[in-house]
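Peer 1: just coords:
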Ligand code: SF4
Ligand code: SF4
């Protein structure tokens, strides 16, 4: 039997409910839509007035804990975002596609990030309010400190999440700068504020992992304990392969995040969203608890794959099981 959820029953703050628009976030996200279409911004708008959830997004920032360490990380993020990127050098350095992709490992070695991957841009990843001529997406992953993440929904976790967004933004700027200095145009994409593209779909394509029932990525080594940054470019990188290791089936039989989610935003079945059948978190159920706790993150913290040392063993066990099924 699942342990009692300490955050249930959850009753949303009436003031936050008052700040929500009449339009459902799930409708903006395309829940139930069979046609593929480009995404629309629902939350994390760089300028809240760009979205119908403007008042609710402002409420999030007005009501968060006035924690010194959290505020210090926010200040660092602003500083990183304001950091200029170098001009694009006049002469473009030539390299074989595989060599460009291999060269990305220097940013893992230097500690700027823990993962890199490359995939080709797809139109359905680009937000409706943006256009892009970039054909390649470089994905970057930065790992969470699990001990801090597991305090979710405490502000210690919120601070750690912000800290990793700072690292992801900084890594995206460093990689974009590296390319620009070699004569290739490149643009950093930094979270959590919405940029040009969705980040989870290209991260799935470039091999960072699979989508979990909690709507976040699951990586073999880091579970869901990581954040994303990206760089858009036309430099001729080779792509990295998509990787599947049994998460989808594992999630069918696990309900840890469903049981842990205070407002029951995680469901046991997949949904159709903008033409794709996939795991989807109910935005309208999630957002009140998310806003009242400055970012929640319970679902990624409780996911068994996020616990250090668990993912690789779990993936090996699933691979053995798949092999013995194939042999039978
Ligand atoms: S972030 Fe949202 S979906 Fe995840 S546990 Fe919190 S309320 Fe639930
Ligand atoms: S907690 Fe379980 S069901 Fe939820 S995403 Fe992780 S593995 Fe999947």
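Peer 2: Done, it's in. On a predicted model such as this, the values are computed, not experimentally measured, just so you know. Residues are numbered from 1 along each chain as shown. Ligands and ions are numbered 1, 2, ... in the order given.
Peer 1: which stretches in the protein count as strands?
Peer 2: Assigned by DSSP state E, the strands in the chain fall at 115-120, 136-143, 186-189, 210-211, 217-218, 226-233, 271-273, 276-278.
Peer 1: can you redo those as CSV with mean neighbour count and mean pLDDT?
Peer 2: Just so you know, the C-beta spots here come from the backbone N, C-alpha and C atoms, and that holds for glycine as well. As requested, the strands of the chain are arranged in CSV below (neighbours: other C-beta atoms under 10 Å; pLDDT from 0 to 100):
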stretch, mean neighbour count, mean pLDDT
strand 115-120, 22, 98
strand 136-143, 26, 98
strand 186-189, 23, 98
strand 210-211, 21, 98
strand 217-218, 26, 98
strand 226-233, 27, 98
strand 271-273, 17, 98
strand 276-278, 14, 98
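Peer 1: what does this protein have sitting close to ligand 2?
Peer 2: Taking C-beta under 6 Å from any ligand atom as the contact definition, the chain meets ligand 2 at 212-214, 250-251, 254-257, 303-305.
Peer 1: switch to 5 Å and redo it
Peer 2: 212-214, 251, 254, 256-257, 303 (C-beta under 5 Å from any ligand atom).
Peer 1: show me what contacts residue 54?
Peer 2: By C-beta atoms under 8 Å, 6 or more residues apart in numbering, the residues touching residue 54 are 45, 48.
Peer 1: ok, back up a step: let's see if you can find the most crowded of the residues of the chain next to ligand 2.
Peer 2: The most neighbours of any of these, using other C-beta atoms under 10 Å, belong to residue 213, which has 27 neighbours.
Peer 1: export the strands of the chain to JSON lines and tack on distance to residue 129?
Peer 2: Converted to JSON lines, the strands of the chain look like this (distance: least, C-beta to C-beta, whole Å):
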{"stretch": "strand 115-120", "distance to residue 129": "22"}
{"stretch": "strand 136-143", "distance to residue 129": "18"}
{"stretch": "strand 186-189", "distance to residue 129": "14"}
{"stretch": "strand 210-211", "distance to residue 129": "24"}
{"stretch": "strand 217-218", "distance to residue 129": "24"}
{"stretch": "strand 226-233", "distance to residue 129": "16"}
{"stretch": "strand 271-273", "distance to residue 129": "19"}
{"stretch": "strand 276-278", "distance to residue 129": "21"}
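Peer 1: among the ones you listed, which is nearest residue 324?
Peer 2: Closest to residue 324 of the strands of the chain is strand 210-211 (C-beta to C-beta; 21.0 Å).
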